[in-house]
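[1] Predicted structure and sequence below. I'll ask about it afterward.
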Number of protein chains: 12
Amino acid sequence: MTPLIQILDGPNLGRLGKREPALYGTTTWDELAAACRAWAQAAGCRCECRQTDAEGELVGLIHAASDGADGLVLNAAAYTHTSVAVRDAVAAAGIPVVEVHLTNPAAREDFRRTNLLEDVVTARVAGFGTDSYRLAITGLAARLGAGSDES
Amino acid sequence: MTPLIQILDGPNLGRLGKREPALYGTTTWDELAAACRAWAQAAGCRCECRQTDAEGELVGLIHAASDGADGLVLNAAAYTHTSVAVRDAVAAAGIPVVEVHLTNPAAREDFRRTNLLEDVVTARVAGFGTDSYRLAITGLAARLGAGSDES
Amino acid sequence: MTPLIQILDGPNLGRLGKREPALYGTTTWDELAAACRAWAQAAGCRCECRQTDAEGELVGLIHAASDGADGLVLNAAAYTHTSVAVRDAVAAAGIPVVEVHLTNPAAREDFRRTNLLEDVVTARVAGFGTDSYRLAITGLAARLGAGSDES
Amino acid sequence: MTPLIQILDGPNLGRLGKREPALYGTTTWDELAAACRAWAQAAGCRCECRQTDAEGELVGLIHAASDGADGLVLNAAAYTHTSVAVRDAVAAAGIPVVEVHLTNPAAREDFRRTNLLEDVVTARVAGFGTDSYRLAITGLAARLGAGSDES
Amino acid sequence: MTPLIQILDGPNLGRLGKREPALYGTTTWDELAAACRAWAQAAGCRCECRQTDAEGELVGLIHAASDGADGLVLNAAAYTHTSVAVRDAVAAAGIPVVEVHLTNPAAREDFRRTNLLEDVVTARVAGFGTDSYRLAITGLAARLGAGSDES
Amino acid sequence: MTPLIQILDGPNLGRLGKREPALYGTTTWDELAAACRAWAQAAGCRCECRQTDAEGELVGLIHAASDGADGLVLNAAAYTHTSVAVRDAVAAAGIPVVEVHLTNPAAREDFRRTNLLEDVVTARVAGFGTDSYRLAITGLAARLGAGSDES
Amino acid sequence: MTPLIQILDGPNLGRLGKREPALYGTTTWDELAAACRAWAQAAGCRCECRQTDAEGELVGLIHAASDGADGLVLNAAAYTHTSVAVRDAVAAAGIPVVEVHLTNPAAREDFRRTNLLEDVVTARVAGFGTDSYRLAITGLAARLGAGSDES
Amino acid sequence: MTPLIQILDGPNLGRLGKREPALYGTTTWDELAAACRAWAQAAGCRCECRQTDAEGELVGLIHAASDGADGLVLNAAAYTHTSVAVRDAVAAAGIPVVEVHLTNPAAREDFRRTNLLEDVVTARVAGFGTDSYRLAITGLAARLGAGSDES
Amino acid sequence: MTPLIQILDGPNLGRLGKREPALYGTTTWDELAAACRAWAQAAGCRCECRQTDAEGELVGLIHAASDGADGLVLNAAAYTHTSVAVRDAVAAAGIPVVEVHLTNPAAREDFRRTNLLEDVVTARVAGFGTDSYRLAITGLAARLGAGSDES
Amino acid sequence: MTPLIQILDGPNLGRLGKREPALYGTTTWDELAAACRAWAQAAGCRCECRQTDAEGELVGLIHAASDGADGLVLNAAAYTHTSVAVRDAVAAAGIPVVEVHLTNPAAREDFRRTNLLEDVVTARVAGFGTDSYRLAITGLAARLGAGSDES
Amino acid sequence: MTPLIQILDGPNLGRLGKREPALYGTTTWDELAAACRAWAQAAGCRCECRQTDAEGELVGLIHAASDGADGLVLNAAAYTHTSVAVRDAVAAAGIPVVEVHLTNPAAREDFRRTNLLEDVVTARVAGFGTDSYRLAITGLAARLGAGSDES
Amino acid sequence: MTPLIQILDGPNLGRLGKREPALYGTTTWDELAAACRAWAQAAGCRCECRQTDAEGELVGLIHAASDGADGLVLNAAAYTHTSVAVRDAVAAAGIPVVEVHLTNPAAREDFRRTNLLEDVVTARVAGFGTDSYRLAITGLAARLGAGSDES
């Protein structure tokens, strides 16, 4: 059966295209979600996308993905650096999780070097802009054994 | 009058029994809540139980307990290590608060050694599995002067 | 046109007047909001006030202020010390932001010395009790070029 | 057969009732020992109590408990924060060990936050005054499967 | 009687208007002092202004203000970050002291995050440029109960 | 013209397939290089591969890539964590550089959390095993505007 | 009545005169004890001297001094830097305690800069060689209001 | 010939008797200087006293003492914790220097634990109030071989 | 004359063979002592062995060895990491001291990386199991110029 | 016109030739100043020399040099390590500043490794004794485009 | 068959006998290599010796030893403290590795306390001068079960 | 005889003129080497220049300079911050070594503040661009007593 990849985006990512476009580009979140669905299809998967600013809701969405999806692409944004709750949810997810970032957080403020997810995720992609999502989906699909034009 | 003990559980604890059973056991949160009610009764108290993944909601539930309950048993889970907001709410609660943990967090990752609650709670119990809740309720009931078979 | 100043208060501030009055005074949050509206009018501005215990909701309110207000007075309370999400929202706000505190957090616990907002806000006022809000509104109004009796 | 619980108290605890009563209460060590024996009986166990100011003697008493007791309730007092020797003895004990404190050490000086035992003990109880011992004995008895009125 | 507010400025502030105008503006120190006198009058106070580059002289001026003034507005500049002597003088002043900065030091070099005054001053204002002095005088006057047009 | 991607592998990677296969898999370095050439072709690029254990030689190879290639995929292995010389060469390269790792170094020893390259590279991929190279080449090719079946 | 001053010396001090004479001088411990008795008499006090290498025994001797002496002169030697147990005993002593050292520990190894006693003792004398004891006794006697030729 | 002891007091000590009397007592600096002269005479020495708030002047006074006095009793107050200049002057003094404090700085704020003088002075006395000066003079006189009633 | 080597073992080593045999082997302390005597004889030395759990007693035994033995082989176990008293005794011993460990402490918990002896001992052997003692005796004998079959 | 180089020396340098000659040589400050004038002339410049022990005066002298000289050679001595005021004055000077030291401070105490000037000066020379001044003047003259025999 | 022990020496060790003889002795590297061969023969082993100043070459030599030798005696010298590449090669070697040092590095500079090899080697010998190699070979031979006169 | 000065340049310096010209200028390494030879001649010395990217080769070149040159001018570039091997070679060189930098590394990234050479070199010059080499050669020549027009 076609594997399901859940895409989850954390706080402030709903402002994509409006927030600091010099840093994050002009693509909106809706356009990114549409692109993800296309990339997933090209990689032989289905894909659902959600965004939330709330830590507790993000935790709940990870729980739901654990129960209903085959893999997770997670851009926890600011919660990457502060949330033990998100970390605990990821660590218990039981499905492969790929951490993804538009920019390269290491090239920014010092406190972004604290990363509470990096040692519980399966793999990581950062710095390719929105193309980071395409690579994450492609790599995750390969890992899930999805039939795709690229594998 | 019979004292009321509020039990509050933080993020991911609603997954009890499903999340990492090797570490946390197979009891579900509903079963734990039922057991708490029985233990409270045995200790001469009433008891209410709530669980939330959201930091802001947990803060609000502590406010409500401050106004309506006689004592609080709190397992803030991940927020134990990151939430100044929860700490501020506990520090202002005006009722005795017992911190409780299923496992012994000190025996786990380094960042779990940062505990923002430990110096504002009244007492602490950790490492007895679900039995930690029984001991916390028992000790809190004694402090509240509840009539019980054990005191 | 009359500039609009948004006042945003973070976790536990809804308990103002009830929580630790020796430290925070007996004015309630509703009274503070009324005073802010009066101070803003005196300074030639309009003003709206909101309080929330939830980090995600606070992030959303900052987004809304970015879109609809001319300046922001922010008392993020506990999130001042822990929230990269709030910081990211402030950094992207595109309007002047004044950080405000009732007390002087530097005179309290060590962990309150970590301040994730202090280098992305425009200006800061602390330690005048509720009068901190008056000064913040006054200074922000001057910066926004509002017509007032004081300038 | 009735399980044997060893109670071991470390340095300065022999001064209980004389040393800083505002902090530690007026119960003497002999009275505490008598109470422990009663609580153990109520929980279906036997119990022996010893106190020593000397690190080396405490190490030897833990060795003896390893050989002759079924569980250990340990209040290592100051050695909790400084003794690798006591830690090594606990780690090698081969029986469940419950760490107990009258007060909540986390609410005191910074150097008491260094705890060399916390990750080798089975469980922990702190902050209930002498009642901490009752809860520790009760929880340990349950773990040892002792017949008691409470379980 | 009309309260007296002492304004004290520390090292390099005599260069105001000449030193790094992009950062500190083009107002000279004499112009700032004149403005302070006007702001104080508007707030129902008298005001005296002094500037010195020398730590020991600044300590002596704080002693004099302790004896002869009702409140102190202090911009200790570089000594904010290095002087225990200035801190000791402030801590012993016995009158309210408001720390003031033209810019927001937190947004600059790391060593400016060490602030030896922040926990002994009464209140703080930073980041409004020279308007920081107006807000500090206004807030201090209110605290001193001065008759003013604004209160 | 077809863009040229240089692949550079650092110390111990020549042992691939022999060194700790449980951690790094059984693919040898020669097999990985062949796969990279195929992946590059699929992405519309040419690709050359080199491996060296020597820091100075790796620096020289980065210089050469700066002069002759259009992009660089770099797995500096141990030198990621210790080499300022490699960092300086990368920072001066003048072409996009993608950092790649077979495993997720963050999930390993503490000293692997020091990463001297992470803030000078363009993008990063880690944790997909040898598939990390495919994704890095794919993403880099897209950035270089290479004609490929995937873009 | 003539006040009693207890002199307590910690580990290795029994070797005085034999151990590193270039650093500690050639006076033996017996000679130092005799000198202390003479100095105490000159200051209008009685004085008793004890030395032990054992931390637990030193704790017990402080307990005894708390019960039977009017003041304590303590050279805890190595335990100054490592013993929370000795600190706890000093903090609970209820009599004035003067910390004394032959040499100036601050001028030696870094780990001697950690001093667990310095903030619970009443006063401190260091660096006068054996004369440190004379000054400590003299100062303590004055504090105890002893009749002496010097006061 | 009668040895000359120079007494030097640093910033804020001129306020003695006025500044925080609960902490520092009611003796004024002039009274302390008079007492020092008497104590010096009793110890067979002459004594001169100076106080300054200025770091540079204190450095110069230490130079003068190096040239004209036989020993130095130094209470550098705040400069104890911050002044490398004072330290350099002390280290080059070529005469014995006794560091003296009225209170026990170790029992106060953390930044007072940084002591730049402690490893270049000859000896130290702290915590006896003004009696600290008597003991310092007495000990220094003995070291200088002064004829006194006490030696 | 035949040199005398003193072997001293610290806390918990009397449990050798009983304590964590997977880590420390099944040889008992008595068997190890016997082996040491044989190894010493083979190296042309005499040898005496003592074990104690008490820090103060270990200090005294080092004093005794300083007076009566030609070299010391010391396994201070836990006191290696915590005891300044043992360090002071070793530093003053005046005979060569070889630090010995059964396992490689560096491969264990972080706090075992603090080693208070390592810079005052003459040489070190670790990680060969009980054979560590044979090598330490052999090396020490060579240094003492003992006649042996191996030198 | 002939460029003017200001030489400024900080605390304790007036003692040159008297203070620790083994470390700093026997040349006095007056002799050094004369040599500087000769070296400046040889390099086609004029040169003025000043020394002060006072931080505030040094700040003022830097201000004066900013207004009247073409370049500054600064040996801030102890203030190099502690003075943010001097740093601020240097950062605002608007003329090239060369930091100079007689010795190599890095080879001395740890606290001399904190250097508050090193990142705001133009260039640095250290460790050549008084010849450091000749090289600093030579290099600065070249930068100022002075006519000299060496350029 | 006779086991083969590889001896590998790192940077600067080729200067043995020339470099700082007061610290390292007068034996040259060639003489040490000859002695090692004799000691290995006495212990029933064969032995080969190599020295290199280059990190990458040392890594390659460890690879070669992994493939062709039965055990490794490694003195990585400076690379002990800085090389993750050498550490990775040792960790993957698959044969017992004994770390050896001529002196006791712990008694030297602070940065030599960082040891990247200590937790991946099998055993360690330090401080016996060139005799350290004899003991390392002897201990390694015993572990390899070599026939020798000593085992 | 004419003294020989060896110039040694470390990693990436061969790229001089090509690498980041805005930071390092447009002079190539060959041009710099030619200039050095001219400056050395003017200072009465001979001079040889070498550059290498390899740490091990740099170590060997320092060994060679120790044997054949009278002084060393060393720009270790990146190895300044990471190489204990280079430090060890410098410390054992037995000839004066002047550390030289084109730019002022202190004004750059934090990790460049770690300098492993600064306390073993004789003197240091930084921040004059290529003129740093002229000053280093001039100062070293003076120290070697070379006949020159400048001395």
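    Nice, I can see it. Residues are numbered from 1 along each chain as shown, chains lettered A, B, ... in the order given.
[2] Is A:R50 in a helix, a strand, or coil?
    Classification of A:R50 by DSSP: H, G, I helix; E, B strand; the rest coil places it in strand.
[3] surely it meets A:L61?
    Yes: using CB atoms under 8 Å, A:R50 is in contact with A:L61, at 5.7 Å. Backbone N, C-alpha and C define where each C-beta goes, glycine included.
[4] Touching both of these two, which residues are there?
    Common neighbours of A:R50 and A:L61, using CB atoms under 8 Å, 6 or more residues apart in numbering or on different chains, are A:6, A:8.
[5] Next, the contact list for the residue of chain A found nearest chain G, please.
    Nearest to chain G, among the residues of chain A, is A:D110, at 27.0 Å (CB to the nearest CB). Listed by CB under 8 Å, 6+ apart, the contact set of A:D110 is empty.
[6] In chain A, where is pLDDT below threshold?
    Residue ranges of chain A with pLDDT under 70: A:106-108, A:147-151.
[7] quick one: the helices in chain A?
    Secondary structure of chain A (DSSP state H): helices at A:21-24, A:29-42, A:55-68, A:79-82, A:84-91, A:131-143.
[8] Minimum distance to C:A126: which of those helices has it?
    Proximity to C:A126, assessed across these by CB to CB, is greatest for helix A:79-82 (23.0 Å).
[9] Show me what the closest one is packed against.
    Contact here means 3 or more CB pairs under 8 Å, 6 or more residues apart in numbering or on different chains; DSSP states H and E; on that basis helix A:79-82 packs against helix C:84-91.
[10] what does the helix it packs on contact?
    Taking CB under 8 Å, 6+ apart as the rule, helix C:84-91 contacts A:10-12, A:20, A:53, A:55, A:77-79, A:81-82, A:111-112, C:10, C:55-56, C:58-59, C:62-63, C:66, C:72, C:74, C:76, C:79-80, C:97, C:116-117, C:120-121.
[11] Please name the residues that touch the residue positioned nearest the centre of chain A.
    By CA atoms, centre = their mean, chain A has its centre lying nearest to A:L74, at 2.5 Å. A:L74 sits next to A:8, A:10, A:62, A:90, A:97-100, A:117, A:121 when contact means CB under 8 Å, 6+ apart.
[12] and if we set it to 6 Å?
    Residues near A:L74 by CB atoms under 6 Å, 6 or more residues apart in numbering or on different chains: A:8, A:97, A:99.
[13] rewinding a little: need the helices of chain A in TSV (columns: mean neighbour count).
    Shown next, in TSV, are the helices of chain A (neighbours: other CB atoms under 10 Å in any protein chain shown):
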stretch	mean neighbour count
helix A:21-24	12
helix A:29-42	18
helix A:55-68	21
helix A:79-82	24
helix A:84-91	25
helix A:131-143	26
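[14] closest to chain K among the contacts of A:L74?
    Of those, the one sitting nearest to chain K (CB to the nearest CB) turns out to be A:E99, at 23.4 Å.
[15] who does the closest one bridge with?
    Bridge pairing for A:E99 (DSSP bridges) gives the partners A:L74, A:R124.
[16] State the distance from it to F:R15.
    According to CB to CB, to the nearest Å, A:E99 stands 28 Å off from F:R15.
[17] next one: A:Q6
    A:Q6 is 37 Å from F:R15, by CB to CB.
[18] Also A:R112?
    For A:R112, the distance to F:R15 - CB to CB - is 34 Å.
[19] now A:D70
    Going from A:D70 to F:R15 by CB to CB gives 34 Å.
[20] Same list, the contacts of A:L74, but as TSV with distance to J:D131 please.
    Below are those laid out as TSV (distance: CB to CB, whole Å):
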residue	distance to J:D131
A:L8	65
A:V97	63
A:E99	56
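[21] wait, which of those is closest to chain C?
    Set against chain C, the nearest of the contacts of A:L74 by CB to the nearest CB is A:L8 (13.6 Å).
[22] I'd guessed the closest one sits against A:G60; true?
    No: contact between A:L8 and A:G60 fails when scored by CB atoms under 6 Å: they sit 10.6 Å apart.
[23] before we move on, the earlier item: looking at A:E99 and F:R15 now, which is surrounded by more residues?
    Legend: neighbour count by other CB atoms under 10 Å in any protein chain shown for A:E99 and F:R15, higher for A:E99 (27 against 21).
[24] do you know how far that one is from A:P3?
    A:E99 sits 19 Å away from A:P3, going by CB to CB.
[25] Run a quick neighbour tally on the nearest residue to A:T26 once chain neighbours are set aside.
    If the residues on either side of it in the chain are set aside, A:T26 comes closest to A:G17, at 5.2 Å by CB to CB, 6 or more residues apart in numbering or on different chains. Neighbour count for A:G17, taken as other CB under 10 Å: 15.
[26] got it, and the one 3 residues further on?
    When neighbours are defined as other CB under 10 Å, A:E20 has 15 of them.
[27] Can you tell me how far the spatially closest residue to it that is not a sequence neighbour is from I:L72?
    Nearest non-adjacent residue to A:E20, counting by CB to CB, 6+ apart: C:A92, 5.3 Å away. For C:A92, the distance to I:L72 equals 66 Å [CB to CB].
[28] just to revisit the earlier point, and the helices of chain A as CSV, adding distance to B:A35?
    Shown next, in CSV, are those (distance: least, CB to CB, whole Å):
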stretch, distance to B:A35
helix A:21-24, 49
helix A:29-42, 43
helix A:55-68, 23
helix A:79-82, 32
helix A:84-91, 23
helix A:131-143, 40
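[29] Near chain C, which residues of chain A are found?
    With the criterion set to CB under 6 Å from any CB of the partner chain, chain A comes near chain C through A:11-12, A:19-20, A:53-55, A:78, A:81-82.
[30] Relative to chain H, which of those is nearest.
    A:T82 (26.3 Å).
[31] Look up how far chain K lies from that closest one.
    Distance of A:T82 to chain K, given as CB to the nearest CB, to the nearest Å: 29 Å.
[32] need the contact list for that residue.
    Taking CB under 6 Å, 6+ apart, one finds C:V84 in contact with A:T82.
[33] now with 10 Å?
    A:55, A:76, A:111, A:114, A:116, B:82-83, C:55, C:79, C:82-85, C:87, C:116 (CB atoms under 10 Å, 6 or more residues apart in numbering or on different chains).
[34] A:G127 too?
    A:101-107, F:96, F:98-99, F:118, F:121-125, F:139, F:143.
[35] Nearest spatial neighbour of A:T52, chain-adjacent residues omitted?
    A:L58 (5.4 Å).
[36] Please apply the same query to A:V121.
    A:E99 (4.4 Å).
[37] next one: A:G60
    Nearest to A:G60 is B:D53, by CB to CB, 6+ apart, at 5.4 Å.
[38] Go ahead and confirm the one you found touches B:P11.
    Yes: between B:D53 and B:P11 there is a contact under CB atoms under 10 Å: 4.4 Å.
[39] what does chain A put close to chain L?
    Counting by CB under 10 Å from any CB of the partner chain, the residues of chain A close to chain L are A:D110.
[40] Once you drop chain neighbours, what's closest to the residue in chain A positioned nearest to chain D?
    Proximity of chain A to chain D (CB to the nearest CB) peaks at A:V84, 17.8 Å away. With sequence-adjacent residues excluded and distances taken as CB to CB, 6+ apart, A:V84 is closest to B:A78, at 3.7 Å.
[41] Any figure for the gap between the one you found and B:V90?
    Distance from B:A78 to B:V90, by CB to CB: 15 Å.
[42] how far does stretch A:97-116 stretch from start to finish?
    14 Å (CA to CA, to the nearest Å).
[43] Kindly report the same for stretch A:36-50.
    11 Å.
[44] can you check stretch A:81-97 too?
    End-to-end for stretch A:81-97, by CA to CA: 17 Å.
[45] gap between A:H101 and chain L?
    22 Å.
[46] Repeat that for A:V125.
    According to CB to the nearest CB, A:V125 and chain L sit 26 Å apart.
[47] What of A:E118?
    20 Å.
[48] Check the contact between that residue and A:R112; I expect there is one.
    No: contact criterion CB under 10 Å: A:E118 and A:R112 do not qualify, at 11.5 Å.
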